[in-house]
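with the input below, show me the fold.
(chains A and B)
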Amino acid sequence: MENFAIYVPRLLPQKEYFAPGHRACIGCGEALALRLVTKALGREVIISNATGCMEIVSSPFPTTSWRVPWIHTLFENASAVASGIEAALKIMKEKGMRTKMPKVVAMGGDGATLDIGLQSLSGAWERGHDFIYVCFDNEAYMNTGIQRSSGTPFGAATTTSPAGKLSIGQTTWKKNMPAIAVAHDIPYVATACPSYPFDLMEKVNKAVATKGPSYLHVLSPCPTGWRHPPDVSVKIGRLAVETGVFPLYEVENGKYKLNVDFPKLRPVRDYLSPQGRFRHLPKDEVERIQQGVIREYQKLKKKVEA
Amino acid sequence: MAMVGMEGSLAMAEAVRLANADVVAAYPITPQTHIVERLAEMVANGELNAAYVPVESEHSAMSACLGSSATGARTFTATAGQGLELMHEVLYVASSLRLPIVMGVANRALSSPLSVWGDHSDVMAVRDTGWIQIFVENGQQAFDLTLCAFRIGEDPKVLFPVMIHMDGFHVSHVVEPLYLLNEEQVKGFLPPYKHPFPLDTDNPVTMGAFAVPILYTEARKSQETALRGTRGIINKVWSDFGKLSGRHYQAVEHYRSDNADTLLLTMGSYSEIAMEAVDQLRERGEKVGLIRLRLWRPFPFEELRQATKACRTLVVLDRCISPGGPPGPVCSETKAALYSQKKRPNIAGFIGGLGGRDLSVPEFVQMVERGRVIAAEGGEEIEMIGVRG
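Just a heads-up that it's a prediction; the model follows:
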């Protein structure tokens, strides 16, 4: 069992579908997550990508990082485009115009998912399209220069929720997007993080095998926006999980399951202190965040035990 | 084929059925809704083997159409007024990605005040989205030109989306006698849609890349060249359709324009009322005729110049106001198209028929009479016809 971690990577597909040479920042957790997601998805996919970091770093004409069919159109409509692709594939197969039924995958950042694209995503879920939606959550509008989104955590400083004499930065709590997904009664919802690559890829595999809509919410550390050194992105992701800030869980047909549990969560300051975006926080605010994390974690555990 | 009585909206839906569309993604809005209701019904009854995607907004309707068309499916949607505005940014992507979506637009005024009735404010706001835009005047044309739109847009030398504009209520909700075509006739006229580079796992393509400043202008130029280059195909398709159906269409169409010293210029359903006004004036011995813009984009410069070169006065009706700007988009574009001509008519512009307001035959007669005066004086003021106060 102790050699498990050495052995398992050899079982992973060697083939890369998100080619190197793209223009993501050094240490980008999102690019790592995307690479792992595409590896797990394999070649039989069609991707609809919302405007955002991963779209812009991968597709400067006339170059591309994509080795699978990929379409980008706008910011808020990746799910609607995916709906059209899925509907077209199905009817074309039925009419004998196509032989294969590749998996349709829509993806976007937290802005594209939690904010501007929420309506089109909700619509696509409600209609029950057979597609995977992957949210690469780096907790702000990083592509336009670190503006706050509804995915930005409480207390984080961004360029539009700056910390100042009268402000501690973001004053609202992170929108619970996986809960919104679960509320749509879709068959598969999971959280993941590239710091746990096998867990992430396993969840992608499950989503591929799911008939109907599935949602993956992937926390993607961003050295540029979170203001941590680029060589600790993976570690920051692990700290997010170990402190309970971002628990890894999945919801299959409404049934919650915690994938990584800890007898005792690490204190939240271990996660906050390496990141410049939380640097300004006084002790009492750190304590407030700590209490918030415990509260949310307990709520989640109750759902798991239910 | 026998004559049938059919509403304009249903005639358009019938054309979509005969075209054997694969995907219809739409959102309800008055006065377009009858089109997609009928299509949903056809899918539910097995009359049309298509996917009907009941999206949650017009923005998503056009977005789903992008995905569907890029996958290689024959794709249709319809909208009107506010719905067309909500689609606005998506429309540019459809034309730039060269996706031959066909869209029926039941032209409607824009809020506020809220008005579900017809005018051309919605069209003019999407004028520069890069779509081929065609106007119809009645239900027969809605049927004919929707069928033609699939063949025009999907031609490998074209690959542009096409809007078919039919005036809300005045065409969309009016039951008229018209002739349909049968499946066999349509089969010979409309080949299957085959996008040259669809989303396909065996031949992966990247669609919708971004262009840096050294490339963007070239991308726009190639698109513009291609759009202007569609004129030959449009004419060919209409000519073939004429041979098939006996109904002939042209970019600029004439009504009693021979020897006319005064010409009316209209677009859409009010052309038929203008025809009656022309008949009355001709009976009085006046040399008055009518020309109608059938093709709004790409703009038929040459045909318009030819059509107007012999007349002294041109009276243009706009069903849209350009607030604070020159009097009406059709009038100002007409003026721009004729400015370079050594011999050109005096032009008078009128705005009328806003928000579903009817324009009657006497009002067209009044436009001709008043237009001659304004045009001779070279007036630039906005003149609204049929307005109180």
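
name the residue of chain B that lies nearest to chain A.
residue B:67 (2.9 Å; C-beta to the nearest C-beta). All C-beta spots, glycine's among them, are computed from the backbone N, C-alpha and C.

report all helices and strands that the helix or strand that contains that residue contacts.
Taking DSSP states H and E as the definition, residue B:67 sits inside helix B:58-71. Contacts defined by 3 or more C-beta pairs under 8 Å, 6 or more residues apart in numbering or on different chains; DSSP states H and E place helix B:58-71 against strand A:70-72, helix A:78-94, helix A:118-127, strand B:23-26, strand B:51-54, strand B:75-79, helix B:81-86, helix B:88-96.

what about the shortest one, near chain B?
Spelled out, that is strand A:70-72. Yes. Judged by C-beta under 8 Å from any C-beta of the partner chain, strand A:70-72 and chain B are in contact via A:70-72.

kindly report the same for the longest one.
Yes. On the criterion C-beta under 8 Å from any C-beta, helix A:78-94 is in touch with chain B at A:79-92, A:94.

give me the helices and strands touching that helix, please.
Against helix A:78-94 (3+ C-beta pairs under 8 Å, 6+ apart) you get strand A:45-49, strand A:103-109, helix A:118-127, strand A:131-137, strand B:23-26, strand B:51-54, helix B:58-71.

just those: most buried one?
Of these, the one with the most neighbours on average (mean count of other C-beta atoms under 10 Å in any protein chain shown) is helix B:58-71, at a mean of 31.

quick one on the thing from earlier: quick one: which of the helices and strands packed on helix A:78-94 is nearest residue B:321?
Closest to residue B:321 of the helices and strands packed on helix A:78-94 is helix B:58-71 (C-beta to C-beta; 23.1 Å).

just the C-alphas of the helix holding residue B:67, formatted as PDB.
As requested, the backbone C-alpha atoms of helix B:58-71 are provided in PDB (Å, rounded to 0.1, in the frame of the first residue of the first chain):
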ATOM      1  CA  GLU B  58     -33.100  34.600 -26.200                       C
ATOM      2  CA  HIS B  59     -29.400  34.900 -25.300                       C
ATOM      3  CA  SER B  60     -29.300  31.200 -24.800                       C
ATOM      4  CA  ALA B  61     -31.500  30.600 -27.800                       C
ATOM      5  CA  MET B  62     -28.900  32.100 -30.200                       C
ATOM      6  CA  SER B  63     -26.100  30.500 -28.100                       C
ATOM      7  CA  ALA B  64     -27.600  27.100 -28.500                       C
ATOM      8  CA  CYS B  65     -27.900  27.800 -32.200                       C
ATOM      9  CA  LEU B  66     -24.200  28.500 -32.300                       C
ATOM     10  CA  GLY B  67     -23.400  25.100 -30.800                       C
ATOM     11  CA  SER B  68     -25.900  23.300 -32.900                       C
ATOM     12  CA  SER B  69     -24.800  24.900 -36.200                       C
ATOM     13  CA  ALA B  70     -21.100  24.400 -35.300                       C
ATOM     14  CA  THR B  71     -21.900  20.700 -34.800                       C
END
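
rewinding a little: I'd like the residues of strand A:70-72 next to chain B written out as TSV, with pLDDT added.
TSV is the format used below for the residues of strand A:70-72 next to chain B (pLDDT from 0 to 100):
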residue	pLDDT
A:70	98
A:71	98
A:72	98
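
count the residues that sit near residue A:50.
Residue neighbour count, defined by other C-beta atoms under 10 Å in any protein chain shown, stands at 30 for residue A:50.

check contacts around it.
A:72, A:74-78, A:106-109, A:112-113, A:117 (C-beta atoms under 8 Å, 6 or more residues apart in numbering or on different chains).

from residue B:111, how far off is the closest residue to it other than its chain neighbours?
Once flanking residues are discounted, residue A:50 sits nearest to residue A:108: 3.1 Å by C-beta to C-beta, 6 or more residues apart in numbering or on different chains. As judged by C-beta to C-beta, to the nearest Å, residue A:108 and residue B:111 stand 30 Å apart.

swap in residue B:346?
Counting by C-beta to C-beta, the gap from residue B:346 to residue B:111 is 36 Å.

who's the nearest residue to residue B:140 once chain neighbours are set aside bridged to?
Counting by C-beta to C-beta, 6+ apart, residue B:140 lies nearest to residue B:178, which is 4.1 Å off, once chain neighbours are set aside. Counting by DSSP bridges, residue B:178 forms beta bridges with residue B:4.

any idea of the pLDDT on residue B:178?
pLDDT recorded at residue B:178 is 97.

also the one 4 residues further on?
Per-residue confidence (pLDDT) for residue B:182: 96.

one step back: restricted to buried residues, select the residues of helix A:78-94 next to chain B in ChimeraX.
Restricted to buried positions by 16 or more other C-beta atoms under 10 Å in any protein chain shown, the ChimeraX selection for the residues of helix A:78-94 next to chain B reads:
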select /A:79,80,81,82,83,84,85,86,87,88,89,90,91,92
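
farthest pair in the residues of helix A:78-94 next to chain B?
So, these by C-beta to C-beta: farthest apart are A:79 and A:94, at 22.5 Å.
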